[in-house]
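[1] Here is my input; please provide its structure:
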Amino acid sequence: MEHIKLGLKENWRQFTLLVIINGFVGGMVGLERTILPQIAEVEFGLAARTTILTFIIVFGVVKAITNYYTGAWANKIGRRNLLLIGWALGIPIPFMLMWAPDWNWIVAANVLLGVHQGLAWSSTVMMKIDLVGEKQRGFAMGLNEFAGYLSVAVIAFLTGWIAGEYGLRPYPFYLGIGLVVLGFFSTLFLVQDTKHHVAKETTISKAPRLKNIFWETTWRNKNLGSVTQAGLVNNLNDGMTWGIFPILLASKNFSLEQIGIIVAVYPAVWGIGQLFTGKLADFFCKKDMLYMGMLLQALALTGLAWANSMTHFIVLSAIIGWGTAMVYPTFLAAVAENTHPQDRPKSIGIFRLWRDLGYAIGAILTGILADLISLEASILFVGILTFVSAGIIFFRMSCSESGSVKIADWLLRRDRVHKTENSSCVKITAALS
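    Next up, the predicted model:
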């Protein structure tokens, strides 16, 4: 136990490996991001939005439930073992998407994708938090989510480009075969479990134990409950962006290549932005990061309902991406900050249960609204929900007392320093003249 050390610098080899592996995990979602709605309409003749979005509904529900059990099993089975099982279950996915004879095969592939993502992504999140300790969780989660969602963007762009050049199937899904091979064998031969790091942190943690982890994380604890509802709403609007957005762009006569570019901008800014926002979450009050990020998303989502040109969509997608970058690593860092190391896996699993149910809820709500009213109405509805979520964070959540800085206080301090410097310059100028 004495040789075990917590920290990013102390564990950089395993941490870097897990970042790379999470890039492979994210790429598995990117396989579907651009072209699956097109496959539904072109190859299987599906027209109803609610029918097309069944793959997202199934993915969201299955991933959410798997997240819960990953958290519950993490201390018993081990993080590395869960990660390896996740990759093993991911192996059939690209082949099922590639050769699916009907839409039911696509839905079945998304059942496996949900289990794969719940096991693999949750495991890498917990292992990174275990390795870095208390001080650098935001930065650690920023790197984790950067790798995952940048990979979503890159693979989403590549599948759109390949589909435009060579057709919707099978060529875009060859990328998935490479991802599962790399992910499975790198986990099997290189990844080490982090149970000893958890034991080390348990001896020094000052966080209180939760009496009822499920209800405290879901709503009762003001900080954890605020984070959980925001996670659900964030993934609700991500589910809409995943399912409705490509259909909206196609309805405005954008080509597959253009759709691929626009759809990739959002996760690209989201992914790259987390390199910065994760570090900011270690410095600034997490409440401020969360409500400002949700507010940015709400404003941009509302704007999508009236956008028409490619420039409009790219700019608004980038704003949504930056708002999401502000909240995504902060969610996980805030959950870790408010939980004891022994409670943390279950609390993260419960948070991710509700967060990823947002995919299913978003797909159902926006699919129904798109069919009954219009695509624009479904987007506007999600924007309003995101405004409400930002308000809940603002009024219910509080800043940690462990040294985090409020953004407003920091800006005021910077303004006072700037005014003092200007005043000094004026006095020196006056004296010299």
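
[2] Tell me how many other residues surround V115.
    V115: 22 surrounding residues under other CB atoms under 10 Å. In this view, the C-beta of every residue, glycine as well, is placed from N, C-alpha and C.

[3] Secondary structure element for it, which one?
    According to DSSP states H and E, V115 maps onto helix 103-132.

[4] What residues sit buried inside that helix?
    For helix 103-132, burial by neighbour count (16 or more other CB atoms under 10 Å) applies to 103, 106-132.

[5] Identify the residue nearest T194 in space, chain neighbours excluded?
    Counting by CB to CB, 6 or more residues apart in numbering, T194 lies nearest to D130, which is 3.8 Å off, once chain neighbours are set aside.

[6] swap in G142?
    Nearest one to G142, counting by CB to CB, 6+ apart, is G278 at 1.6 Å.

[7] Same check on V388?
    V233 (7.7 Å).

[8] you'd agree the one you found is up against T386?
    Yes. Contact status for V233 versus T386: in contact at 5.7 Å, counting by CB atoms under 8 Å.

[9] where do the contact lists of these two overlap?
    When contacts are counted by CB atoms under 8 Å, 6 or more residues apart in numbering, V233 and T386 have M294 as shared neighbours.

[10] about what we covered before: ok, now how distant is the residue nearest to G142 from K200?
    Going from G278 to K200 by CB to CB, to the nearest Å gives 23 Å.

[11] Would you mind splitting the chain into its domains for me?
    Listed by automatic domain parsing, the domain ranges of the chain are 12-402, 408-433.

[12] Tell me where the model's unsure across the stretch 1-150 of the chain.
    Residues of the stretch 1-150 of the chain meeting the criterion pLDDT under 70: 1-2, 48.

[13] My guess is D193 contacts R80. True?
    Yes. Between D193 and R80 there is a contact under CB under 8 Å: 4.2 Å.

[14] Can you pull the residues that touch both of these two?
    Common neighbours of D193 and R80, using CB under 8 Å, 6+ apart, are M127.

[15] what pLDDT does E401 get?
    pLDDT, E401: 64.

[16] In the stretch 51-200 of the chain, what residue spans correspond to helices?
    Secondary structure of the stretch 51-200 of the chain, counting by DSSP state H, counting those that start in this stretch: helices at 54-77, 79-90, 93-99, 103-132, 137-166, 174-190, 195-202.

[17] Save these as JSON lines, and put in distance to G391 too.
    Shown next, in JSON lines, are the helices of the stretch 51-200 of the chain (distance: least, CB to CB, whole Å):
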{"stretch": "helix 54-77", "distance to G391": "24"}
{"stretch": "helix 79-90", "distance to G391": "36"}
{"stretch": "helix 93-99", "distance to G391": "39"}
{"stretch": "helix 103-132", "distance to G391": "27"}
{"stretch": "helix 137-166", "distance to G391": "23"}
{"stretch": "helix 174-190", "distance to G391": "39"}
{"stretch": "helix 195-202", "distance to G391": "34"}
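
[18] nearest to S317, of those?
    helix 137-166 (10.5 Å; CB to CB).

[19] Who are the packing partners of that closest one?
    Packed against helix 137-166, as judged by 3 or more CB pairs under 8 Å, 6 or more residues apart in numbering; DSSP states H and E, are the following elements: helix 12-33, helix 103-132, helix 174-190, helix 256-283, helix 310-337.

[20] how about those helices, which one is nearest T51?
    helix 103-132 (7.9 Å).

[21] Off-centre distance for the closest one?
    Averaging C-alpha positions (CA atoms, centre = their mean, to the nearest Å) puts helix 103-132 12 Å from its chain's average.

[22] re earlier: compare G278 and K200 (neighbour count), which wins?
    Neighbour count, other CB under 10 Å: between G278 and K200, G278 has more, with 28 against 20.

[23] surely that one meets A140?
    Yes. Between G278 and A140 there is a contact under CB under 8 Å: 7.1 Å.

[24] Spit out the contact partners of the closest residue to G118 other than its chain neighbours.
    Nearest residue to G118, sequence neighbours excluded (CB to CB, 6+ apart): T66, at 2.6 Å. Residues near T66 by CB under 8 Å, 6+ apart: G114, V115, Q117, G118, L119, S122.

[25] Return the member of these nearest to I244.
    Nearest to I244 out of the contacts of T66 is G114 (CB to CB; 19.4 Å).
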